[in-house]
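S.K.: what follows is a protein structure lacking sequence information:
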């Protein structure tokens, strides 16, 4: 897919604050990108009995709603254009919402899709909704989920990689994660950290021991140290391609479902860049979809990339 020089910003017309637009505006200025504002109307205002309504009346109603959305986007775009930004906008009607966003991304081929995510004040953490999860799985271009109250200009960025996966798409995905993390941090005056967790080897071994197989033996302390060193070498091999200093790299041997969030909190990270699939064989066997589980714990913005093999 040939990518354009545009940030596609998803606007929710039912709210007054738009964290994704605020963050996209900062990025557009620093990365010299254009903005396209997009509203997908998935509203279903009538009961099933509306099938008895004259189709022409329904058509006029929905056209009127789209016109209102266009006027709203124009209002949002005007002050940004006055700041010298190139801003366009578009509206569509599609159900469910995530499919409308994916259809738009496929047609406009943006550099990135940027969308608000939801915030649960009682838990003081991000709560991803069905639309977010569906976009993580189906959006064909990089997807940034932005939480409220986290506008950053010189971000602390984490590129979370898994270089043990020997498949070609896994290698390329790690390189894309590092490349994009470095680009965002360098062009915004931020800092880049690289994170990898090789897994809680003792817990994995104990869980699988009763069932036999390759990972059924309890790892000795010596074996665990050997595996950690193997992971470090793999991490250094890919990070050396980008001249990333060792001091910027952290390799853990815990449970990535918790360790990445703990590391992000420790360094006060603004953004985590990661892949949308669980790549390593240990993860596939032991915890399944790593991205979904990790996102439940993170309390910063997240940028999700797909491997080259992804098919929408």
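M.R.: Nice, I can see it. These figures come from a predicted structure and were not determined experimentally.
S.K.: quick check, residue 92 in contact with residue 105.
M.R.: No - under the criterion of CB atoms under 8 Å, residue 92 makes no contact with residue 105, lying 11.7 Å away. All C-beta spots, glycine's among them, are computed from the backbone N, C-alpha and C.
S.K.: start to end distance for stretch 138-145?
M.R.: Terminal residues of stretch 138-145 are spaced 14 Å apart (CA to CA, to the nearest Å).
S.K.: quick check: residue 181 touching residue 156?
M.R.: No - judged on CB under 8 Å, residue 181 makes no contact with residue 156 at a distance of 10.8 Å.
S.K.: the two: which is more packed in?
M.R.: Neighbour count, other CB atoms under 10 Å: between residue 181 and residue 156, residue 181 has more, with 28 against 18.
S.K.: ok, the closest residue to that one other than its chain neighbours - contacts?
M.R.: Distances taken as CB to CB, 6 or more residues apart in numbering put residue 159 closest to residue 181, at 3.5 Å, once the chain neighbours are dropped. Applying CB atoms under 8 Å, 6 or more residues apart in numbering to residue 159 gives the contacts 177, 178, 180, 181, 182, 192, 193, 194, 195, 273, 274.
S.K.: 6 Å instead?
M.R.: Going by CB atoms under 6 Å, 6 or more residues apart in numbering, residue 159 touches 177, 178, 181, 194, 273.
S.K.: in CSV: these, plus secondary structure.
M.R.: Output for these, formatted as CSV (DSSP: H, G, I helix; E, B strand; the rest coil):
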residue, secondary structure
177, helix
178, helix
181, helix
194, strand
273, strand
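S.K.: residues of stretch 185-192 that come out buried?
M.R.: 185, 188, 190, 191, 192 (16 or more other CB atoms under 10 Å).
S.K.: which of those fall in helices?
M.R.: residue 185 (DSSP state H).
S.K.: between the buried residues of stretch 185-192, which is closest to residue 66?
M.R.: Closest to residue 66 out of these is residue 188 (34.7 Å), distances taken as CB to CB.
S.K.: pLDDT below threshold where in the stretch 151-300 of the chain?
M.R.: 165-170, 204-219, 277-293 (pLDDT under 70).
S.K.: would you list every one of the helices in this protein?
M.R.: Secondary structure of the chain, counting by DSSP H: helices at 19-31, 55-82, 97-108, 130-138, 168-187, 201-208, 221-239, 256-266, 281-286, 290-295.
S.K.: skipping its backbone neighbours, what lies nearest residue 141 in space?
M.R.: According to CB to CB, 6+ apart, the nearest residue to residue 141 is residue 105 (5.4 Å).
S.K.: do residue 15 as well
M.R.: Of all residues not flanking residue 15 in the chain, residue 116 sits nearest, at 7.8 Å (CB to CB, 6+ apart).
S.K.: pull the contacting residues for residue 78.
M.R.: Residue 78 makes contact with no residue, according to CB under 6 Å, 6+ apart.
S.K.: ok, residue 114 next?
M.R.: Here residue 114 is in contact with 7, 9, 20, 24, 144 (CB under 6 Å, 6+ apart).
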